[in-house]
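In: quick one, structure for this:
(one chain, ligands or ions: 1)
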Amino acid sequence: MDNKRRPLKCIFICILVAVAVLFVYINADRQSEVWDAPAHRKSLPAEPQWEDPGPYHVAYPRNYKFIMDDTPVCKTKTPFLILMVPVAPNDVASRDAIRAMWGNERLVLGQLVETVFIVGLPGGSDAQQQQEQLEQENQQHHDLIQSNFQDSYHNLTIKTMLMLEWLAEHCDSAAFVMKVDSDVFLHVENLVQLLLDPGTPKRDYMTGLVWWHSPVLRNPFIKFYMPRSVIAESEYPPYPLGMAYVMSLDLPAKILRVSPQIKPIYIEDAYLGMCLKRLGISPTNPPDDNMFLVTPEHPLNSCSLSKVIAMTTTSRAQLRSYWEQIGQKAQC
Ligand SMILES: *[C@@H]1O[C@H](CO)[C@@H](O)[C@H](O)[C@H]1NC(C)=O
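Out: Below is the predicted model:
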């Protein structure tokens, strides 16, 4: 009885193994199809084929223009530090708050600091009205840069790359740029102090809250889901978190140079990490872990506050209250 069953068992196992091998082979083939596609396409007759990149692969076709760009920043003077704030077109309240707080500091430790805001095209039914308001706002402050792509969360990579284009074109003789989100508390003096430190590199330098081993998330039901077909690796290369990062101003042109070789994904900070890796440049940890804080436990005590460079806040009122506190003496 046992002897008769053995060949059957063997056949069953053989079939199972064959199916498994076939499965692995098909899958491997599918992956290589994705990665090799541009090379295959090159050998085909030149017929432009539009392919929907899908929401996880945001095209950055480099054909956007600046439609509002009359700011004197980087054009009449050479600042030491540029604060670059990506913001939604209709978020006048955030821009005004920043203009009244950290965006209003011009001379810090003897160094010129200038703030500009970058926006895309407004959307929605009142887009035209928003656009007119933006133009009026810019006539008053001359600190808006606008490009002709649709401003949206999934277009953040486009916004970031346009920011780099603008910096490479106008600001390459300035020393540093900090990209900072509008809900972030920024301690400009601490930042300038770090950048003036002789230990801070002046080239190939990028710092912030560096994510060293950020996993590529494969759960389709969560934010930041990234399919294997777009990124096969299980980890992103190291990158500073998008809330606030600093770079030396030789980097925008270098990143733009390698970016055509890197698939643009909508997670803009991870995308910069992918470009840095291609350049062979690693981001640097800040000298103190307390300088860049994401979702810290609020309220921060005055000693910790005196060491912060950038941290996320939960409301504009909270941001303002921290701003008022840093003028006072720290209790350490
Ligand atoms: C991104 O911008 C482009 C260009 O304006 C637009 O065609 C596209 O719909 C935008 N994508 C999203 C997700 O808003």
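
In: by proximity to the ligand, which residue of the stretch 201-332 of the chain wins?
Out: Proximity of the stretch 201-332 of the chain to the ligand (CB to the nearest ligand atom) peaks at residue 266, 8.0 Å away. Glycine gets a C-beta too; all of them are placed from N, C-alpha and C.

In: surely that residue meets residue 158?
Out: No - at 9.0 Å, residue 266 and residue 158 do not qualify as touching, with contact defined as CB atoms under 8 Å.

In: show me where the chain has strands.
Out: All strands of the chain, identified by DSSP state E, fall at 66-68, 81-86, 107-108, 111-121, 144-150, 176-180, 184-186, 206-211, 239-248, 292-293, 310-312.

In: buried residues in stretch 235-246?
Out: 236-246 (16 or more other CB atoms under 10 Å).

In: also stretch 106-114?
Out: Neighbour-count burial for stretch 106-114, with 16+ other CB under 10 Å as criterion, is recorded at 108, 111, 113-114.

In: and the residue nearest to residue 57 when sequence neighbours are not counted, what does it touch?
Out: Nearest residue to residue 57, sequence neighbours excluded (CB to CB, 6 or more residues apart in numbering): residue 230, at 5.0 Å. Residue 230 makes contact with 34, 54, 56-57, 263, 265 under the criterion CB atoms under 8 Å, 6 or more residues apart in numbering.

In: tell me the buried residues within those residues.
Out: The buried subset of the contacts of residue 230 (16+ other CB under 10 Å) comprises 56-57, 263, 265.

In: what do residue 266 and residue 158 both touch?
Out: Taking CB under 8 Å, 6+ apart as the contact rule, residue 266 and residue 158 both touch residue 58.

In: thought residue 318 was touching residue 298?
Out: Yes - using CB under 8 Å, residue 318 is in contact with residue 298, at 6.4 Å.

In: could you check which of the two has the larger neighbour count?
Out: Neighbours per residue (other CB atoms under 10 Å) separate residue 318 from residue 298, with residue 318 holding more: 16 against 13.

In: if we can go back for a sec, what's the farthest-apart pair in the buried ones among the contacts of residue 230?
Out: The span of those, defined through CB to CB, is set by 56 and 263 at 9.9 Å.

In: quick one: residues contacting the residue positioned nearest the centre of the chain.
Out: Nearest to the mean C-alpha position of the chain, counting by CA atoms, centre = their mean, stands residue 269 at 3.1 Å. Contact analysis of residue 269 by CB under 8 Å, 6+ apart lists 239-242, 245.

In: name the nearest of those residues relative to residue 188.
Out: residue 245 (15.1 Å).

In: right, and that closest one touches residue 177 too?
Out: No - using CB under 8 Å, residue 245 is not in contact with residue 177; the gap is 9.1 Å.

In: low-confidence stretches in the stretch 1-150 of the chain?
Out: For the stretch 1-150 of the chain, the stretches flagged by pLDDT under 70 are 1-8, 10-53.

In: measure residue 296 to residue 181 for me?
Out: 15 Å (CB to CB, to the nearest Å).

In: same deal with residue 175?
Out: Distance of residue 175 to residue 181, given as CB to CB: 22 Å.

In: which one of the two is surrounded by more residues?
Out: More crowded of residue 175 and residue 181, by other CB under 10 Å: residue 175, with 20 against 16.

In: contacting residues around the closest residue in space to that one that isn't next to it in sequence?
Out: Leaving aside its chain neighbours, residue 175 sits nearest to residue 80 (5.0 Å; criterion: CB to CB, 6+ apart). Residues in contact with residue 80 (CB under 8 Å, 6+ apart) are 111-113, 174-176, 192, 195.

In: between those, which is closest to residue 302?
Out: residue 192 (20.4 Å).

In: nothing else from me, thank you.
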